[in-house]
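Q: Kindly generate the corresponding structure for this input.
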Amino acid sequence: MDLSLIAGLNLTEDQMTAINAASAADVTAATASLVNKNNDLLGEKDQRRIAAQEKDLELDSARAAAVTAEEQRLKLSGDMDGLKLHYETQLAETTATSKASEEKATKALDQYHRGTALNSALDLIHVDYKDLAKAQLSNMLKISYNDAGEAITTFEHDGKVVANNVGEFGSWASEQSAFKKILNGVDSSGAGVTPSNGGSATNQNDALNNLSQRLKSQGLT
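A: Model prediction:
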């Protein structure tokens, strides 16, 4: 801070130097305090995460030990039927766990691809109508996978594929009365849709309602 620019202080050079040095020291101390606090919080978070992981490992080890102990008990007792059931139970549990993990991973992958495609499709829609169109686009959007595991994006209407990607959807939408009026770069006036510039809130709501009815009538809701 240039204290010489403040009228009425009448400080000497030594006084200004001392004040600036003190201010800099205060800023440095405050910054260091915030950094240390942030590091402490991160450290606590890491410690909780590590503790949770260690707890999970302990539980897994305990379960594995219990399974092995039961297997040995059945073998020593000569209970072959019990041993068979034991193996079948372990196989079923392992299969179920693996399937649950696979389904979780697939769901996360689907959500990622759906979110990416949906956002790209919404980029085609005028900002005034994005919220209204989001549900319709989400219903039309389908994600599948080819043999190579690559995501395939399609848009369906009335049970038929109308587009194989977002670009094709844009071309298709530009020819549909329910969509072409709300696409970016298109004059949305007329046909029951009022442009946002200069329109009242009431007119805007009426336009959205009219648009919603048109989408419903064409099976897009």
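Q: Distance from the chain centre to the longest strand anywhere in the chain, please.
A: Using DSSP state E to define each element, the chain has its longest strand at strand 151-157. Centroid separation for strand 151-157 versus its chain: 20 Å, with Cα atoms, centre = their mean, to the nearest Å.
Q: Show me the domain layout of this structure.
A: 1-77, 111-217 (automatic domain parsing).
Q: And residue 74, how far from residue 85?
A: For residue 74, the distance to residue 85 (Cβ to Cβ, to the nearest Å) stands at 9 Å. For every residue, glycine as well, the C-beta is placed using N, CA and C.
Q: neighbour count winner among these two?
A: The residue with more neighbours, out of residue 74 and residue 85, is residue 74; 18 against 12, by other Cβ atoms under 10 Å.
Q: tell me the contacts of that one?
A: Going by Cβ atoms under 8 Å, 6 or more residues apart in numbering, residue 74 touches 82-83, 86.
Q: cool, and residue 110?
A: With contact taken as Cβ under 8 Å, 6+ apart, residue 110 is in contact with residue 143.
Q: Assign it to helix, strand or coil.
A: helix (DSSP: H, G, I helix; E, B strand; the rest coil).
Q: again, but for residue 142
A: Here residue 142 takes the strand state, with states given by three-state DSSP.
Q: where exactly do the strands run in this structure?
A: Here the chain has its strands, by DSSP E, at 141-145, 151-157, 160-163.
Q: out of those strands, deepest packed?
A: strand 151-157 (a mean of 17; mean count of other Cβ atoms under 10 Å).
Q: hang on, the earlier thing: and of the domains of the chain, who's closest to residue 98?
A: Among those, domain 1-77 comes nearest to residue 98, with 14.7 Å by Cβ to Cβ.
Q: Quick check: residue 134 vs residue 154, distance?
A: For residue 134 relative to residue 154 (Cβ to Cβ), the value is 18 Å.
Q: same thing with residue 146?
A: Taken as Cβ to Cβ, the span from residue 146 to residue 154 is 12 Å.
Q: now do residue 113
A: 11 Å.
Q: rewinding a little: can I get the strands of the chain in JSON lines with mean pLDDT?
A: Output for these, formatted as JSON lines (pLDDT from 0 to 100):
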{"stretch": "strand 141-145", "mean pLDDT": "91"}
{"stretch": "strand 151-157", "mean pLDDT": "92"}
{"stretch": "strand 160-163", "mean pLDDT": "93"}
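Q: Distance to residue 102 added to those, as JSON lines?
A: Converted to JSON lines, these look like this (distance: least, Cβ to Cβ, whole Å):
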{"stretch": "strand 141-145", "distance to residue 102": "13"}
{"stretch": "strand 151-157", "distance to residue 102": "16"}
{"stretch": "strand 160-163", "distance to residue 102": "27"}
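Q: Mind checking those strands for the one nearest to residue 40?
A: Nearest to residue 40 among the strands of the chain is strand 151-157 (42.0 Å), distances taken as Cβ to Cβ.
Q: Quickly run through the sheet partners of that closest one, with directions.
A: strand 141-145 (antiparallel), strand 160-163 (antiparallel) (DSSP bridges).
Q: can you list these in CSV and add distance to residue 55?
A: Below are these laid out as CSV (distance: least, Cβ to Cβ, whole Å):
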stretch, distance to residue 55
strand 141-145, 35
strand 160-163, 48
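Q: Of the ones you listed, which is nearest residue 52?
A: When those are compared (using Cβ to Cβ), the closest one is strand 141-145, at 32.3 Å.
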